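>>> attaching a predicted model along with its sequence, questions to come.
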2 protein chains.
Amino acid sequence: MELDLEKTLRVILSGIHEAVPEDALRKKVAKALAKGRPLRIKVGIDPTAPEVHIGHLVPYGKMRQLQDLGHVGVVVIGDYTAQIGDPTGRDATRQALTHEQVRVNAELYMKQLYTVLDPARTEVRYQTEWYGTFDLAKTLRLLQEVTLAQMLQHETFRVRYEQNKPLGLHELCYPVLQGYDSVAINADIEMGDPAQKFNILVGRDLMERQGMEPQVALLMPILLGTDGVEKMSKSLGNHVGVLMSPEDQFGRTMSIPDAVMENWYALFVGQSGEELAATKKQIAADPMGAKKLLAEKVVARFHGPAAAAAALEDFRRKFSERTLELENIPEARLDSFSPASVTNIVATSFQLSNSEVRRLVKQGGIKLDGDTLTDAEAPIDRPGVLKVGKKKWLRLLG
Amino acid sequence: MELDLEKTLRVILSGIHEAVPEDALRKKVAKALAKGRPLRIKVGIDPTAPEVHIGHLVPYGKMRQLQDLGHVGVVVIGDYTAQIGDPTGRDATRQALTHEQVRVNAELYMKQLYTVLDPARTEVRYQTEWYGTFDLAKTLRLLQEVTLAQMLQHETFRVRYEQNKPLGLHELCYPVLQGYDSVAINADIEMGDPAQKFNILVGRDLMERQGMEPQVALLMPILLGTDGVEKMSKSLGNHVGVLMSPEDQFGRTMSIPDAVMENWYALFVGQSGEELAATKKQIAADPMGAKKLLAEKVVARFHGPAAAAAALEDFRRKFSERTLELENIPEARLDSFSPASVTNIVATSFQLSNSEVRRLVKQGGIKLDGDTLTDAEAPIDRPGVLKVGKKKWLRLLG
């Protein structure tokens, strides 16, 4: 175990959003190192969906850095809280999952986390271990530890209450349950994104009330999605999934705006300090090169370096083909067609019969800017690039 | 079973505060009578203290009337909710009871209720029967049925929240648990005092959400305490306890203001309509006679008619003795004594030595208006009746 306090603190604090309270963190780390006791770093997950994307991995990257110093990562599987769903940032009540769904999801989830975590220094703990024996009386005693006023300091709850949006009593229990997890596993540090601050501090409070040395919140910045604007999220479709093919991972990474690369280099690659400064210069000098390198790193993490090299090669080939194709495609004005239906436009432009066009439409073979057109007789009322079959293109001008 | 709808409704509605909703009650009763099905009348109790007073008995009086028509009284022992304590009307969090305390209290409590209820038509149900198998997941599913906004319509909760008084999450669960009791026992009617309206309607709502025919709230007026002002309550000391001696019950009843007699005749004796009207006339014509009759009825209920007659006789004897004594006691002006100390006043007035007076004080034998005087040398600075030993009196005038 690494016993150097300053070095350990540097690793903990590098690239984070916030540590709360930071002075308690320093004391806690100093005390643990003095005793040669590994820190217990908690992340809680609600495996409501089995697919992990690289946005989920941000805290685990930091956890891995700490595992490499000899500390213990504790992943708490929220098999009880997943039945509620974390209300944080939600303006409507979530759909509850069954216990069984959660279990199945959790196993697949952990498999994906081990692409980052060191299994030898990871504890996987299911809430069932402690909540399995919680009867009603015990539950009520736990809820007694928390007041409504305290819960309504939670932005999400207050806003939902004030805006008259439904807020179930079970949702008010969510932060308490997440908080008690920290009591059960005796966490030193709990990690999460900045929106998790409230829930993590409830855990701190509960530990304190139990006479334990309370945990510290370590909040990580948010990884932006491929759109470069929103937080990465499967429901927005701006994600890079751990289980995606090398080709998809590479392509999606290549689609991010240049300005987002630094965020990914910091949070996905884990760069900070001088290393990140050097990368910034590289991005400025050769954005395309820096992005290819990033995409290679993404693929290499999940599929190995050979797959990464192949994905790069594949991307280069397609990219040059597409450039060639897109330079040579014919153009036509939308208003030159009457009617401006799919059938008429495609049949006229590529010398096909109407029935051939209709067959292509049925097969999903005609796309406008990537959207498959499904109605052969519908008018096309916006400009864009029409792709017919695999190799024919037509640029429609407005 | 009495199948006459109008007669049954008359019994249900006579002397009540409110039935909510009343039209649903009529339909429900009609439906049950048509099927010859007995109604299930619920009262929930939290036996937080083992002593029952006649204020507690009000709903059971009505329940007994309905038992006499062939319906079933269901007493739900809140062995879970008593561990929270009903927050209704409380501006601070109650102290929780242990399961064991609750059990012991409940048994003594039921014994006292059987002074009113018909045991053959009473079901006693402990919440343990359903909540004993409630694990955390089941609890969360129940809490999901209720929103925070709904709970904050509860006057008590809203006021406590708005006034920044602690309101534990466990207290928000109280109405939900009481409500689910009605689901568990399939209640037709739940009785309580007017402050219980909110909790009872939560039960109605939960039954409806479960697809059951929902219960109706039957709210009884409040029995006033012996002070004639506040609701009867042990903590205010204005109560007549079921377990009190005949003498105490008789004496306390005799101490109520004349204006309160009608409330007791209605809610304790169970009079209504013409019978109550006749009593009102009797009260006006002979208040002392009406009160003695009421006091006899109280004692007779809990100790039998012989004890009631004896208590009346005992009261008459003491009352006439006291009247005699109080008519013949000597009088003196406070300012005629110097010093106006206990010793000087008593020694002078009754030809006792100072040391005899001091001994009497030590024995607690000197009282001013019933307050034992403990300091022989202290001045008496207010007028009142001084009682010396068992039979000597002195009226001190200001």
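Yep, that arrived. These numbers were taken from a predicted model, which means no experiment stands behind them.
>>> the helices in the stretch 1-150 of chain A, which residues?
Assigned by DSSP state H, counting those that start in this stretch, the helices in the stretch 1-150 of chain A fall at A:5-13, A:22-35, A:58-68, A:99-113, A:128-131, A:136-143, A:148-151.
>>> buried sites along the third one?
Taking 16 or more other CB atoms under 10 Å in any protein chain shown as the neighbour-count basis, helix A:58-68 is seen to contain the buried residues A:58-67. (C-beta placed from N, C-alpha, C; glycine too.)
>>> mean pLDDT for the helices of the stretch 1-150 of chain A - can I get that in JSON lines?
JSON lines is the format used below for the helices of the stretch 1-150 of chain A (pLDDT from 0 to 100):
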{"stretch": "helix A:5-13", "mean pLDDT": "96"}
{"stretch": "helix A:22-35", "mean pLDDT": "97"}
{"stretch": "helix A:58-68", "mean pLDDT": "97"}
{"stretch": "helix A:99-113", "mean pLDDT": "89"}
{"stretch": "helix A:128-131", "mean pLDDT": "94"}
{"stretch": "helix A:136-143", "mean pLDDT": "91"}
{"stretch": "helix A:148-151", "mean pLDDT": "92"}
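>>> now distance to chain B too, for those, in CSV please.
Listed next are these as CSV, based on distance: least, CB to the nearest CB, whole Å:
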stretch, distance to chain B
helix A:5-13, 33
helix A:22-35, 25
helix A:58-68, 26
helix A:99-113, 7
helix A:128-131, 5
helix A:136-143, 4
helix A:148-151, 5
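>>> which of those is buried the deepest?
Counting by mean count of other CB atoms under 10 Å in any protein chain shown, helix A:58-68 has the highest mean neighbour count of these, with a mean of 22.
>>> just the CA atoms of it, as PDB, please.
What follows is helix A:58-68, C-alpha atoms only, in PDB (Å, rounded to 0.1, in the frame of the first residue of the first chain):
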ATOM      1  CA  VAL A  58     -15.900   8.000 -14.600                       C
ATOM      2  CA  PRO A  59     -15.900   7.300 -10.800                       C
ATOM      3  CA  TYR A  60     -14.600   3.800 -11.500                       C
ATOM      4  CA  GLY A  61     -11.600   5.300 -13.200                       C
ATOM      5  CA  LYS A  62     -10.800   7.200 -10.100                       C
ATOM      6  CA  MET A  63     -11.600   4.100  -8.000                       C
ATOM      7  CA  ARG A  64      -9.100   2.100 -10.100                       C
ATOM      8  CA  GLN A  65      -6.400   4.700  -9.500                       C
ATOM      9  CA  LEU A  66      -7.000   4.300  -5.700                       C
ATOM     10  CA  GLN A  67      -7.000   0.500  -6.000                       C
ATOM     11  CA  ASP A  68      -3.600   0.800  -7.600                       C
END
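>>> on contacts alone, who are the packing partners of that helix?
Counting contacts by 3 or more CB pairs under 8 Å, 6 or more residues apart in numbering or on different chains; DSSP states H and E, helix A:58-68 is packed against helix A:5-13, strand A:40-45, strand A:72-77, strand A:189-192.
>>> make a markdown table from these and add distance to A:Leu142 to it.
Formatted as a markdown table, the helices and strands packed on helix A:58-68 follow (distance: least, CB to CB, whole Å):
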| stretch | distance to A:Leu142 |
| --- | --- |
| helix A:5-13 | 30 |
| strand A:40-45 | 16 |
| strand A:72-77 | 16 |
| strand A:189-192 | 18 |
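>>> between these, which one is nearest to A:Phe250?
strand A:40-45 (26.6 Å; CB to CB).
>>> next one: the spatially most central residue of chain A from A:Thr226, what distance?
Centroid-nearest residue in chain A, with CA atoms, centre = their mean: A:Gly55, separated by 2.6 Å. Separation of A:Gly55 from A:Thr226 (CB to CB, to the nearest Å): 10 Å.
>>> what do these two both touch?
By CB atoms under 8 Å, 6 or more residues apart in numbering or on different chains, A:Gly55 and A:Thr226 have these common neighbours: A:232, A:239.
>>> got the residues of the stretch 51-200 of chain A near chain B?
Selection of the stretch 51-200 of chain A residues close to chain B by CB under 8 Å from any CB of the partner chain yields A:80, A:83-84, A:93, A:96, A:99, A:131-132, A:134-137, A:139-141, A:143-149, A:151-152, A:157, A:161, A:164, A:166-170, A:172-173, A:176-177.
>>> now the helices of the stretch 1-150 of chain A in CSV, with distance to B:Val124?
Converted to CSV, the helices of the stretch 1-150 of chain A look like this (distance: least, CB to CB, whole Å):
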stretch, distance to B:Val124
helix A:5-13, 59
helix A:22-35, 53
helix A:58-68, 53
helix A:99-113, 34
helix A:128-131, 32
helix A:136-143, 20
helix A:148-151, 33
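>>> quick one, which of the ones you listed gets closest to B:Glu190.
Set against B:Glu190 and scored by CB to CB, the helices of the stretch 1-150 of chain A come closest in helix A:136-143, at 20.6 Å.
>>> alpha carbons only: can I get the closest one in PDB?
Extracted in PDB, the C-alpha atoms of helix A:136-143 (Å, rounded to 0.1, in the frame of the first residue of the first chain):
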ATOM      1  CA  LEU A 136     -41.200  -2.800   8.900                       C
ATOM      2  CA  ALA A 137     -40.100  -1.900  12.500                       C
ATOM      3  CA  LYS A 138     -36.500  -1.600  11.500                       C
ATOM      4  CA  THR A 139     -37.400   0.400   8.400                       C
ATOM      5  CA  LEU A 140     -39.400   2.800  10.500                       C
ATOM      6  CA  ARG A 141     -36.500   3.200  13.000                       C
ATOM      7  CA  LEU A 142     -34.200   4.100  10.000                       C
ATOM      8  CA  LEU A 143     -36.700   6.600   8.600                       C
END
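>>> helices or strands next to it in the packing?
helix A:169-185, helix B:136-143, helix B:169-185.
>>> 10 Å instead, please
With contacts taken as 3 or more CB pairs under 10 Å, 6 or more residues apart in numbering or on different chains; DSSP states H and E, helix A:136-143 sits against helix A:128-131, helix A:169-185, helix B:128-131, helix B:136-143, helix B:169-185.
>>> got these as JSON lines, with distance to B:Glu274 columns?
Below are the helices and strands packed on helix A:136-143 laid out as JSON lines (distance: least, CB to CB, whole Å):
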{"stretch": "helix A:128-131", "distance to B:Glu274": "61"}
{"stretch": "helix A:169-185", "distance to B:Glu274": "48"}
{"stretch": "helix B:128-131", "distance to B:Glu274": "43"}
{"stretch": "helix B:136-143", "distance to B:Glu274": "47"}
{"stretch": "helix B:169-185", "distance to B:Glu274": "35"}
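>>> helices along the stretch 151-300 of chain A, start to end?
Using DSSP H, counting those that start in this stretch, the helices found in the stretch 151-300 of chain A span residues A:155-162, A:169-185, A:197-209, A:246-254, A:261-264, A:273-285, A:287-303.
>>> distance between the fourth one and the chain's centre?
The chain centroid and the centroid of helix A:246-254 are separated by 15 Å under CA atoms, centre = their mean, to the nearest Å.
>>> averaged pLDDT, that helix. What do you get?
What helix A:246-254 shows for mean pLDDT is 95.
>>> quick check: buried residues in stretch A:113-125?
Within stretch A:113-125, the residues scored as buried using 16+ other CB under 10 Å are A:113, A:116-117, A:121-122, A:124-125.
>>> stretch A:301-321 too?
So for stretch A:301-321, counting by 16+ other CB under 10 Å, buried means A:301-303, A:307-308, A:310-312, A:315.
>>> just the residues you listed: which has the poorest pLDDT?
Summarising pLDDT for the buried residues of stretch A:301-321: the lowest-scoring member is A:Phe315, with 89.
>>> show me where pLDDT drops low in the stretch 251-398 of chain A?
Applying pLDDT under 70 to the stretch 251-398 of chain A picks out residues A:321-327.
>>> that one: strands as residue ranges?
A:331-333, A:366-368, A:371-372, A:384-388, A:392-397 (DSSP state E, counting those that start in this stretch).
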